[in-house]
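Chemist: pasting the structure only:
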């Protein structure tokens, strides 16, 4: 004996027992589960027990009419998606008007009485194909919502973890530093590190990985790890750049790279030795932390970015970095975001801002960030942005 699968649940609401019995016979034989109601109130009561996929209701239903019942069903968020067919009497003059009225109150379809079995089953079958598609869409939307929520949670966790990679504002004698960090989309490819060297001095890095999002964030973690591994040797920024470049070439895809500024601060010699590997040139302010700042200078002389070619060579430079001096490092999000007039702050604009900054370290970072933001206002930064200010404290 073959058991026929139930195609769906239909609530039949009609004041005539003969009509209900006829609908029960044809629908049940076609594979539908049928619930019967003799009036509108009874229909609502039945729906507290089982929510049907479809309602077939007579327009002149007792207690609560078919059109009133339709308004109730369609006005409830929990039942508004139930497919509603209103059964209306044939009338030579009122047939079109009744159909329009029924559809305007929310009915999904109408069918004329007296009912014809073939038309009835065709209408119901067509409706259930739509119901099936709606259920599948709902299912997919639910799965998509769950997926998005999971991705959002993962992104929030990744963002917290990435922020945890950034050093907190602090003092590594004789240097004091702070930062401002604003990724696009909550997670980005900017990273910086500052750490004392075991053999004397301080190592400093700021880097900007190509692209955005999770992939860029993962590569930025690789950059930071590589930097921390290679500064343990007694080499300087050029050696670190060569080793980090090799790591990136071997562990990333061809189109992925990172710009970086790598520096060694030597307090005994009062110098800063650096490699600028495709990165935006930091701004050096002699006596910028002492209130007698001289004209800001860009530390240019760029080499190529990290991760482009394993055989890449890098150029190392050394400048004086003495007590009272200030160094401002940043990623391109600070200078390349555009205003609504399609103007960029650019390197020259940044130098102008740096010529009139507060002496206090935190106030300096805040003022520079806010002034850059005002320059592009009402637009927003369109790229990950990291700003780091390092002061050589007075002895």
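Modeler: Done, it's in. All values derive from a computational prediction rather than experimental measurement.
Chemist: need the helix or strand of the chain with the lowest average pLDDT.
Modeler: Sorting the helices and strands of the chain by mean pLDDT, DSSP states H and E puts helix 95-104 at the bottom, at a mean of 65.
Chemist: Downstream of that one, the next helix or strand is which one?
Modeler: Using DSSP states H and E, the helix or strand that follows helix 95-104 in sequence is strand 109-113.
Chemist: partners of that following strand, with directions?
Modeler: Strand pairing for strand 109-113, determined by DSSP bridges: strand 83-89 (parallel).
Chemist: Now do the buried residues in the strand it pairs with.
Modeler: Neighbour-count burial for strand 83-89, counted by 16 or more other C-beta atoms under 10 Å, picks out 83, 84, 85, 86, 87, 88. Using the backbone N, CA and C atoms, a C-beta is placed for each residue, glycine as well.
Chemist: what's in contact with it?
Modeler: 14, 53-60, 66-67, 70, 73-74, 95, 98-99, 102, 106-113, 115, 123-124, 127-128, 130-131 (C-beta atoms under 8 Å, 6 or more residues apart in numbering).
Chemist: I'd like to know which of those are buried.
Modeler: Buried among these by 16+ other C-beta under 10 Å: 14, 53-59, 66-67, 70, 73-74, 98-99, 102, 106-111, 115, 123-124, 127-128, 131.
Chemist: tell me the mean pLDDT over stretch 331-343?
Modeler: Averaging pLDDT along stretch 331-343 yields 85.
Chemist: Please list the residues outside it that contact it.
Modeler: So stretch 331-343 is in contact with 182, 184, 190, 206, 208, 259, 279-280, 344-347, 349-350, 369, 372, 375-387, going by C-beta under 8 Å, 6+ apart.
Chemist: rerun that using 6 Å as the cut-off
Modeler: For stretch 331-343, contacts defined as C-beta atoms under 6 Å, 6 or more residues apart in numbering pick out 190, 208, 280, 344-346, 350, 372, 376, 379, 381-386.
Chemist: how long is it end to end?
Modeler: 18 Å (C-alpha to C-alpha, to the nearest Å).
Chemist: Sort out which residues of it are buried, please.
Modeler: 331, 332, 333, 334, 335, 336, 337.
Chemist: same question, stretch 244-257
Modeler: Of the residues in stretch 244-257, those buried (16+ other C-beta under 10 Å) are 244, 245, 246, 247, 248, 249, 252, 256, 257.
Chemist: Does the fifth one touch residue 308 like I think?
Modeler: Put plainly, it is residue 248. No - judged on C-beta atoms under 6 Å, residue 248 makes no contact with residue 308 at a distance of 8.6 Å.
Chemist: so which of the buried residues of strand 83-89 comes closest to residue 194?
Modeler: Checking the buried residues of strand 83-89 against residue 194 with C-beta to C-beta, the nearest one is residue 83 at 64.9 Å.
Chemist: Could you measure from that closest one over to residue 294?
Modeler: Using C-beta to C-beta, to the nearest Å, we find residue 83 at a distance of 78 Å from residue 294.
Chemist: just residue 353 next, same as before
Modeler: Noted for residue 353: a distance of 16 Å to residue 294, by C-beta to C-beta.
Chemist: So which of those two has more stuff around it?
Modeler: Under the criterion of other C-beta atoms under 10 Å, the comparison of residue 353 against residue 294 puts residue 353 first, with 19 against 12.
Chemist: How about the contacts made by the more buried one?
Modeler: Residues near residue 353 by C-beta under 6 Å, 6+ apart: residue 371.
Chemist: redo that, cut-off 8 Å
Modeler: Neighbours of residue 353 in contact, by C-beta under 8 Å, 6+ apart: 345, 368, 371, 372.
Chemist: What of residue 323?
Modeler: 174, 270, 290, 392, 393, 394, 395.
Chemist: pLDDT at it, what is it?
Modeler: Reported pLDDT for residue 323: 94.
Chemist: Spatially nearest residue to it, not counting backbone neighbours?
Modeler: Nearest non-adjacent residue to residue 323, counting by C-beta to C-beta, 6 or more residues apart in numbering: residue 394, 4.7 Å away.
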